[in-house]
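Trainee: Sequence and predicted structure, then a few things I'm wondering about:
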Amino acid sequence: LYSSRVICSVALEHKARLGHCTKVPRNVNMESLKNGYLFPEISIREAEHAEKYPHAKLIKLGIGDTTRPIPHIITSAMAQKALALSTDAGYTGYGDEQGNKDLREAIANVVYKDKGVEWDEVFVSDGAQGDISRLQMLLGSGMTIAVQDPTFPAYVDSSIIVGQAGKFQEETGKFQNIVYMRCCPWNDFFPDLATTPRTDVIFFCSPNNPTGTAASRPQLERLVEFAKANGSIIVHDSAYASYISDDSPRSIFEIPGAKEVAIEISSFSKFAGFTGVRLGWAVVPKELKYSNGFPVRKDFNRIMCTCFNGASSISQAGGLACLSADGYQALCRSIDYYHENADIIIDAFTSLGLKVYGGKNAPYAWVQFPGRSSWEVFNEILERAHVVTVPGAGFGPGGEGYIRVSAFGSRECMLEASRRLKSLLK
Ligand SMILES: Cc1ncc(COP(=O)(O)O)c(CN[C@@H](CCC[C@H](N)C(=O)O)C(=O)O)c1O
């Protein structure tokens with residue numbers, strides 16, 4: 001139909017528009033990622049809205065980023081370390097890739113007090129996000145994974161990137177090699193393990209992001225039993241454990257037998273306001289073994305030594321101060337503040353007759369809008385109340401019909417958001 005000359009000129013024009021291209025093919029796994037990663041997408045929507053309404057006071061209850069200043073006892077420890085770096089006596093270079101021993105010991109003794117975790121099972125990192133990706137490198141492309149649905153998107157996106165996930169199925173909104181364990185009000189936000197297929201790895205976040213619900217002790221006991229029976233590994237994300245206000249376990253290692261089946265990742269981000277400071281940890285127990293009996297911990301250590309040069313010495317000095325008695329007490333005041341914020345949001349939506357979940361054991365309220373598209377609700381609340389939330393669909397197909405509202409704003413913002421939402425949605 002087209003002469004070779006026309007095709008050639010179109011191709012030349014296309015090439016001219018693209019500029020120089022290499023001969024390197026794109027990683028096919030990257031092509032499988034749907035849309036952008038959720039949170040930068042929220043930031044883009046925020047920026048577009050601010051441009052459209054330059055005079056509106058935008059209230060950001062979307063991305064779960066802390067806002068309370070870090071207590072002085074902690075920042076002065078970081079400042080002291082920073083200043084010491086300018087002295088001969090105080091200067092330090094590369095630290096241990098696994099983290100400073102004093103911080104590893106403090107995490108084991110304070111966070112995991114009486115939980116049987118040893119200091120050399122704790123690996124300090126630059127945050128849980130990085131640990132999720134490093135764990136995926138450790139696991140490799142041949143693994144099958146299960147995730148809660150809805151859940152923190154990094155587990156699925158990193159699984160796609162390393163080539164575990166298989167093809168995306170438009171009709172279900174799921175990736176064919178990932179098991180989505182539905183968590184919703186009618187199963188008390190805990191998956192029906194009796195109908196859950198075996199996978200090599202189970203990513204389990206409790207308290208859960210985005211639903212804000214924490215698994216109970218009996219539920220976690222069932223999960224550990226399920227993993228043991230299936231020979232699976234649980235990656236338990238306890239990034240929000242410090243928000244637990246009832247007797248829900250704060251660590252998977254409170255459950256007998258968990259050290260033989262679970263890895264725990266956690267973070268100073270939401271516990272200490274270290275979202276920008278960057279500090280987290282992973283616990284990889286000595287008892288955790290691959291099918292051939294080789295210790296998982298040894299391979300994780302190899303990954304940390306090869307792919308990570310250790311967390312910042314300044315951040316680690318801050319982390320140590322967080323775990324001192326005074327530091328820990330000061331941080332609890334910030335967590336109480338966010339709990340009070342969550343109560344404000346829960347009351348606002350409940351007063352409108354809406355079903356609200358979470359908020360008691362995590363800084364997120366999970367609000368149900370039956371029969372409505374979560375992106376539609378997100379857009380309406382943004383457009384008409386200038387309040388940013390996160391559409392539930394961004395956390396998985398099980399999030400459709402919900403929005404997540406963060407409690408990390410200032411008190412003034414929470415009260416103003418509550419007022420606006422009540423007037424918008426009444
Ligand atoms: C269950 C869970 N595990 C790990 C993390 C990240 O922890 P880290 O800070 O890396 O130690 C988070 C942080 N999630 C937030 C921040 C998101 C926005 C950040 N850019 C990101 O992409 O993580 C959110 O859901 O709004 C989390 O919820």
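Mentor: On my side now, so go ahead. Numbers count the residues shown, from 1 in each chain.
Trainee: make it CA atoms for all contacts and neighbour counts henceforth
Mentor: Fine.
Trainee: what's the distance between the biggest helix by length in the chain and the middle of its chain?
Mentor: If you go by DSSP state H, the chain has its longest helix at helix 325-351. The chain centre lies 19 Å from the centre of helix 325-351; the measure is C-alpha atoms, centre = their mean, to the nearest Å.
Trainee: buried stuff in that helix?
Mentor: Neighbour counts using 16 or more other C-alpha atoms under 10 Å place 327-328, 330-332, 334-335, 337-346, 348-349 of helix 325-351 among the buried residues.
Trainee: Then stretch 350-366?
Mentor: For stretch 350-366, burial by neighbour count (16+ other C-alpha under 10 Å) applies to 354-366.
Trainee: and if you look at stretch 286-301?
Mentor: Those would be 286-289, 295-297, 300-301, for stretch 286-301 by 16+ other C-alpha under 10 Å.
Trainee: Closest to the ligand out of these?
Mentor: Nearest to the ligand out of the buried residues of stretch 286-301 is Phe300 (C-alpha to the nearest ligand atom; 17.7 Å).
Trainee: For the closest one, which non-adjacent residue is closest in space?
Mentor: Spatial nearest neighbour of Phe300, excluding adjacent residues (C-alpha to C-alpha, 6 or more residues apart in numbering): Leu138 at 6.5 Å.
Trainee: on that earlier part again, TSV please, covering the buried residues of stretch 286-301 and showing pLDDT.
Mentor: TSV is the format used below for the buried residues of stretch 286-301 (pLDDT from 0 to 100):
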residue	pLDDT
Lys286	98
Glu287	98
Leu288	98
Lys289	98
Pro295	98
Val296	98
Arg297	98
Phe300	98
Asn301	98
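Trainee: before we move on, the earlier item: avg pLDDT for the longest helix of the chain?
Mentor: Averaged across helix 325-351, pLDDT comes to 97.
Trainee: now for that helix, which elements pack on it?
Mentor: When contacts are defined as 3 or more C-alpha pairs under 8 Å, 6 or more residues apart in numbering; DSSP states H and E, helix 325-351 sits against helix 72-84, helix 269-272, helix 313-322, strand 356-358, strand 364-368, helix 411-425.
Trainee: Could you dump the ones you listed into a markdown table with mean pLDDT and distance to Ile145 added?
Mentor: Compiled in a markdown table, the helices and strands packed on helix 325-351 are given as follows (pLDDT from 0 to 100; distance: least, C-alpha to C-alpha, whole Å):
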| stretch | mean pLDDT | distance to Ile145 |
| --- | --- | --- |
| helix 72-84 | 98 | 38 |
| helix 269-272 | 98 | 25 |
| helix 313-322 | 98 | 31 |
| strand 356-358 | 98 | 25 |
| strand 364-368 | 98 | 25 |
| helix 411-425 | 95 | 37 |
